[in-house]
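Student: Coordinates for the following, if possible.
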Amino acid sequence: MSPRPVVDVQQLTYRYGSDEPSKDEPVHPVLNGIDLQVSAGEYVVILGHNGSGKSTLAKHLNALLTPTEGRVLVCGMDTRDESLRWEIRRQAGMVFQNPDNQIVGTSVAEDVAFGLENMGVPPDEMARRVDRVLTRLDMAHLADREPHQLSGGQKQRLAIAGILAMRPTILILDEATAMLDPQGRREVMDAVRQLNREDGVTVIQITHFMEEALWADRVVVMQEGRIRLNGPPEDVLIQRDVLLEAGLDVPFAVELASRLRRHGIPLDENILHGDQLVDALWKLLSNP
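Tutor: This is a model prediction of the structure:
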């Protein structure tokens, strides 16, 4: 018998303003019959164009929103049960697009400790957790720094540190790299991948950056409130026509390989990464 998923979304439908229905202006669903399961330790990237419903789905995963129809279970807890919402949000920590909206401390260490204070963690244990998580994210040398002095990537890593100190089962990133420059984006993504691979943290990442999906265990593509594609990156990201129809960019290596194939160059269909494309071209040039 397979273990119960840490996230179990069952026929989720959501309508904004559905508590005030109008016959003249019917409320159309933002999410329409979503089924999605995420296993412990999995890294899932959810892609979608603006308006596809991906951020609305993310808000259901830690009970910021609750279903109009269907249900969402997080670590076996139903998000509709108000008595469970604090524990749900502790288990499913969420990092948003703008880190400034999540930073409340006057120093890096104080900010990480904020959630622990609300949980009533004893001071000695709190200090150990703060030190451990800052070291884990390579920020221990910034412990006394004022948050406004940090770079964008450092601020977002600080937001992640504050969540991790509370020891969640799931880390949800809702467009967490959207406001960062390429360097800040790399910093955050390197930290998140390391937490997933080495610490076993379940990661659910909402993004529109295709490159961030290349290293995921699974990629979900949303379009108009429904799941259009769901599978390993090597199966999903090569579906060029579907991605374009969903309003998404195609990964650079996939697009270039497609154009080269149209010009008669025999390349495999499963090329995702630039390194794979370089290797394939090198083999062709080495064996004329």
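Student: how about the strands in the stretch 101-250 of the chain?
Tutor: For the stretch 101-250 of the chain, strands defined by DSSP state E, counting those that start in this stretch occupy the ranges 170-174, 202-207, 218-223, 226-231.
Student: Next, the angle strand 202-207 makes with the first one.
Tutor: With axes from the mean of the first three to the mean of the last three Cα atoms, to 10 degrees applied, the angle from strand 170-174 to strand 202-207 works out at 0 degrees.
Student: how close does the residue nearest to the spatial centre of the chain sit to residue 273?
Tutor: What sits nearest the mean C-alpha location of the chain, by Cα atoms, centre = their mean, is residue 205, with 0.9 Å. According to Cβ to Cβ, to the nearest Å, residue 205 and residue 273 sit 18 Å apart. No exception for glycine: its C-beta is placed from N, CA and C like everyone else's.
Student: returning to what we had before: mean pLDDT and distance to residue 132 added to the strands of the stretch 101-250 of the chain, as JSON lines?
Tutor: Converted to JSON lines, the strands of the stretch 101-250 of the chain look like this (pLDDT from 0 to 100; distance: least, Cβ to Cβ, whole Å):
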{"stretch": "strand 170-174", "mean pLDDT": "94", "distance to residue 132": "16"}
{"stretch": "strand 202-207", "mean pLDDT": "95", "distance to residue 132": "19"}
{"stretch": "strand 218-223", "mean pLDDT": "96", "distance to residue 132": "29"}
{"stretch": "strand 226-231", "mean pLDDT": "96", "distance to residue 132": "35"}
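Student: and of these, who's closest to residue 182?
Tutor: Ranking the strands of the stretch 101-250 of the chain by proximity to residue 182 (Cβ to Cβ) places strand 202-207 first, at 14.1 Å.
Student: got the buried residues for that closest one?
Tutor: Residues of strand 202-207 classed as buried under the neighbour-count rule (16 or more other Cβ atoms under 10 Å) are 202, 203, 204, 205, 206, 207.
Student: partners of the third one in the sheet?
Tutor: On DSSP bridges, the residues paired with residue 204 through beta bridges are residue 44, residue 172.
Student: you'd agree it is up against residue 60?
Tutor: No: the pair residue 204 / residue 60 is not scored as a contact, 11.1 Å apart, by Cβ atoms under 8 Å.
Student: need the contact list for the closest residue to residue 52 other than its chain neighbours.
Tutor: Spatial nearest neighbour of residue 52, excluding adjacent residues (Cβ to Cβ, 6 or more residues apart in numbering): residue 222 at 4.3 Å. Contacts for residue 222 were tallied using Cβ atoms under 8 Å, 6 or more residues apart in numbering; they are 46, 47, 48, 52, 53, 54, 57, 228, 246.
Student: Next step: the residues you listed restricted to strands.
Tutor: Among the contacts of residue 222, the ones falling in strands (DSSP state E) are 46, 47, 48, 228.
Student: from those, which single one is nearest residue 169?
Tutor: Nearest to residue 169, judged by Cβ to Cβ, of these is residue 46 at 17.8 Å.
Student: ok, the closest one to residue 241 distance?
Tutor: In this view, residue 46 and residue 241 are 20 Å apart by Cβ to Cβ.
Student: Could you identify the most distant pair in the buried residues of strand 202-207?
Tutor: Greatest spatial distance among the buried residues of strand 202-207 (Cβ to Cβ): 202 and 207, at 16.3 Å.
Student: that older thread, for the closest residue to the residue nearest to the centre of the chain other than its chain neighbours, give its distance to residue 255.
Tutor: What sits nearest to residue 205 in space, not counting adjacent residues and going by Cβ to Cβ, 6+ apart, is residue 173, at 4.4 Å. Counting by Cβ to Cβ, the gap from residue 173 to residue 255 is 25 Å.
Student: again with residue 90
Tutor: Note on residue 90: its distance to residue 255, by Cβ to Cβ, is 41 Å.
Student: Of those two, which one has the most company?
Tutor: Taking neighbours as other Cβ atoms under 10 Å, residue 90 and residue 255 compare with residue 90 leading, 18 against 15.
Student: Verify the stated contact: that one with residue 163.
Tutor: No: using Cβ under 8 Å, residue 90 is not in contact with residue 163; the gap is 9.6 Å.
Student: now for the strands of the stretch 101-250 of the chain, which one comes closest to residue 285?
Tutor: Closest approach to residue 285 among the strands of the stretch 101-250 of the chain (Cβ to Cβ): strand 218-223, 31.0 Å.
Student: so how far is the closest one off the chain centroid?
Tutor: Centre-to-centre, strand 218-223 and its host chain are 11 Å apart (Cα atoms, centre = their mean, to the nearest Å).
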